[in-house]
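A.B. asks: this one's sequence-less:
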DNA sequence: GCGAAAATGTAGAACGGTACACGTAGAACG
DNA sequence: CGTTCTACGTGTACCGTTCTACATTTTCGC
């Protein structure tokens, strides 16, 4: 009758309680927890039994003070873009049979919010970071990567030494779109890009578009316009384009969401899609497939991007220091909005 | 020349470094950090200056061991539903001028993932939790709430004592929809609800639908069908309904996303919206407004829900124990899909 | 059987904060 | 002028883990 002190002041079960219950030292329990060297089968199972019995869970903040927290951080620019949920699904798949957990931050495509999130993820001792479409400058990224294992998705930084990158071949994406449209007889092809493009993937897509237009001898038709992400901005830019002196025959939008808004505006202006205007999006999100949209788009397999980046991150946490740069090949999915 | 030991083994600036630099005790710095009682203006500014100079940031995991981490956790069922981003925006607004930071978890509408997330948020010593559309049972919720300040959004639990709730009046939502449709001449109104409804808001909407149908003397037309969230399930359910013996004149879908998929299927089957079939969604997300969708929907002001829940949570963290239950009033936004 | 090496377990000092219990000095009071 | 307050700072015991030493036991080669 000397075991009543298990739950001291507070009520949380600690490693100490487990040690007492199993009749071993605190250090031994810690070893079992970390799968560390020097634990016999007997001890392991004894400790495991006590942990189950007491329903013990290690306190991440306490672990963080000396070792790992087994928590990874993911930063998304925007929760609205459904493409990111594919990436997320891939990450979750990769993490399934590991002890790692994922925590998210949403930067709302704003650099200072993103920086704040990165800081607080570091402050809560997360073991590694995945950044999607980061807007931070190279210097800060390198600095963060020097402290924490890091992987960037959708960020082209050829010379980046401190972290891994996982990308779609965004130049190729744009090239595929132009080729497809040219194949369907369109010549005057414009591109609707993102204003204040802090993102390198936008640059890549613009570059791909320009290159392929020149390649196809359509250099004189190159027309890149830019708009923000709010409905108002997109509508204004679209109207201006479609009223302007030269109306394009086809429009490549940097992401599906924008393309759907453009379809809406064009329809309201009395244009028929694709007879008067062909539209192509990017990311092949769920909405593309709806009959009322039937939007041609470029698929970049977000799931694979997510899966790969999680794997790379864990490798890095486990000690790899040489950088890896993974690229997936996009494919175009043709629907009615571009002439079928 | 005796200050070179600031960066010891590691390189992170600690409270000790700040104390040394400012020429005060560690305890004093901690007090400034926490805005605690007993700090003179002189000391405060001296310490603040050192913190800025050294670019000090407190380590959340260390703080968590004795005090607060100033980190709040939010759990979303599904990143795909754009409605949640409105809630998120509201929460972020409420948190803007506070020391609190937000971290997200995505449960993928799966109970055991949600439970895992809640656990790991508790393990990382977050100060409070906001759960959206939780699927956990009442017992577990009470247990969590007993440990951590908690607010549930989109969860009806009249007798819940341990936590606050923030809700749309979902019964009223459904009633507004039925009334609107009846006003436009529709009688045979069906409802497409969520299968395996772990969520109480679904129950409320179904209840509101049934009540109002009876109220309008249309009890014999009541028809609730259910489907999961995957495209396949939605398509199958829709096809079955629209081929079935009795085809409804109008369909109320529990969330916009489903409604858009239904429009797609109905269109492909040759039906005209709204002449052959009226459709109404819920949440008034961005897609409703696109010309190609023009979907009538119910607006529940996600931003307000988020704002309010963050405020309630902080109040609770600061000591309030009496539960509050906040309800917003929905309003219907009429577009062409229901007859204009 | 003996000594060395390998295997297994333990003690206890960190880690970076918080907060309680004090100490001290000046102000207010009678 | 002594006493009691009040305001402000400090010293230090924690919080729950990890991990480096080190102690002890077992295994093994000869």
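C.D. replies: Nice, I can see it. Just so you know, these numbers come straight off a predicted model, no measurement behind them.
A.B. asks: where does the stretch 1-150 of chain A come near chain B, residue by residue?
C.D. replies: Contacts of the stretch 1-150 of chain A with chain B, taken as C-beta under 8 Å from any C-beta of the partner chain, map to A:57-62, A:64-65, A:69, A:71, A:78-80, A:82, A:84-85, A:88-89, A:92, A:101-106, A:108, A:116-117, A:119-120, A:123-125. From N, CA and C alone the C-beta is placed, and that goes for glycine too.
A.B. asks: Distance check, the spatially closest residue to residue A:197 that is not a sequence neighbour against chain B.
C.D. replies: Among residues not flanking residue A:197 along the chain, residue A:203 sits closest, at 6.5 Å (C-beta to C-beta, 6 or more residues apart in numbering or on different chains). To chain B, residue A:203 is 26 Å away according to C-beta to the nearest C-beta, to the nearest Å.
A.B. asks: my hunch is that residue A:203 is in a strand, does that hold up?
C.D. replies: No. Per DSSP: H, G, I helix; E, B strand; the rest coil, residue A:203 lies outside any strand segment and is helix.
A.B. asks: Was I right to think it contacts residue A:156?
C.D. replies: Yes. Using C-beta atoms under 8 Å, residue A:203 makes contact with residue A:156 at a distance of 7.4 Å.
A.B. asks: returning to that earlier point: could you list which of the residues of the stretch 1-150 of chain A next to chain B also contact DNA strand C?
C.D. replies: When contact is defined as C-beta under 7 Å from any atom of the strand, the residues of the stretch 1-150 of chain A next to chain B meet DNA strand C at residue A:65.
A.B. asks: Out of the residues of the stretch 1-150 of chain A next to chain B, which sit inside helices?
C.D. replies: Counting by DSSP state H, those place A:60-62, A:64-65, A:84-85, A:88-89, A:92, A:116-117, A:119-120, A:123 in helices.
A.B. asks: Weed out the non-buried ones from those residues.
C.D. replies: Burial by neighbour count, judged by 16 or more other C-beta atoms under 10 Å in any protein chain shown, picks out A:60, A:61, A:62, A:64, A:84, A:85, A:88, A:89, A:92, A:117, A:120, A:123 from those.
A.B. asks: Just name the closest of those residues to DNA strand D, please.
C.D. replies: Distance to DNA strand D, by C-beta to the nearest atom of the strand, is smallest for residue A:62 among those, at 3.5 Å.
A.B. asks: Could you check the pLDDT of that closest one?
C.D. replies: At residue A:62, the model reports a pLDDT of 95.
A.B. asks: Next one: it from residue B:62, what distance?
C.D. replies: Per C-beta to C-beta, to the nearest Å, residue A:62 is found 9 Å from residue B:62.
A.B. asks: again, but for residue A:183
C.D. replies: 61 Å.
A.B. asks: Where do the strands of chain A begin and end?
C.D. replies: In chain A, the segments counted as strands under DSSP state E are A:71-76, A:101-106, A:128-132, A:150-153, A:164-168, A:189-194, A:224-227, A:250-253, A:278-280, A:297-299, A:325-328, A:331-333.
A.B. asks: what pLDDT, on average, does the fifth one get?
C.D. replies: Just to be clear, that refers to strand A:164-168. pLDDT averaged over strand A:164-168 gives 97.
A.B. asks: and the strands of chain A as a markdown table, adding distance to residue B:328 and mean neighbour count?
C.D. replies: Putting these into a markdown table (distance: least, C-beta to C-beta, whole Å; neighbours: other C-beta atoms under 10 Å in any protein chain shown) gives the following:
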| stretch | distance to residue B:328 | mean neighbour count |
| --- | --- | --- |
| strand A:71-76 | 27 | 26 |
| strand A:101-106 | 23 | 23 |
| strand A:128-132 | 32 | 26 |
| strand A:150-153 | 36 | 27 |
| strand A:164-168 | 40 | 24 |
| strand A:189-194 | 34 | 23 |
| strand A:224-227 | 32 | 17 |
| strand A:250-253 | 35 | 28 |
| strand A:278-280 | 37 | 27 |
| strand A:297-299 | 36 | 25 |
| strand A:325-328 | 43 | 16 |
| strand A:331-333 | 40 | 16 |
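A.B. asks: Output the ones you listed in a markdown table; the columns should cover distance to residue B:147.
C.D. replies: Listed next are the strands of chain A as a markdown table, based on distance: least, C-beta to C-beta, whole Å:
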| stretch | distance to residue B:147 |
| --- | --- |
| strand A:71-76 | 19 |
| strand A:101-106 | 18 |
| strand A:128-132 | 28 |
| strand A:150-153 | 33 |
| strand A:164-168 | 38 |
| strand A:189-194 | 44 |
| strand A:224-227 | 47 |
| strand A:250-253 | 47 |
| strand A:278-280 | 51 |
| strand A:297-299 | 44 |
| strand A:325-328 | 41 |
| strand A:331-333 | 48 |
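A.B. asks: Which one of these lies nearest to residue B:30?
C.D. replies: Residue B:30 lies closest to strand A:71-76 among these, at 25.0 Å (C-beta to C-beta).
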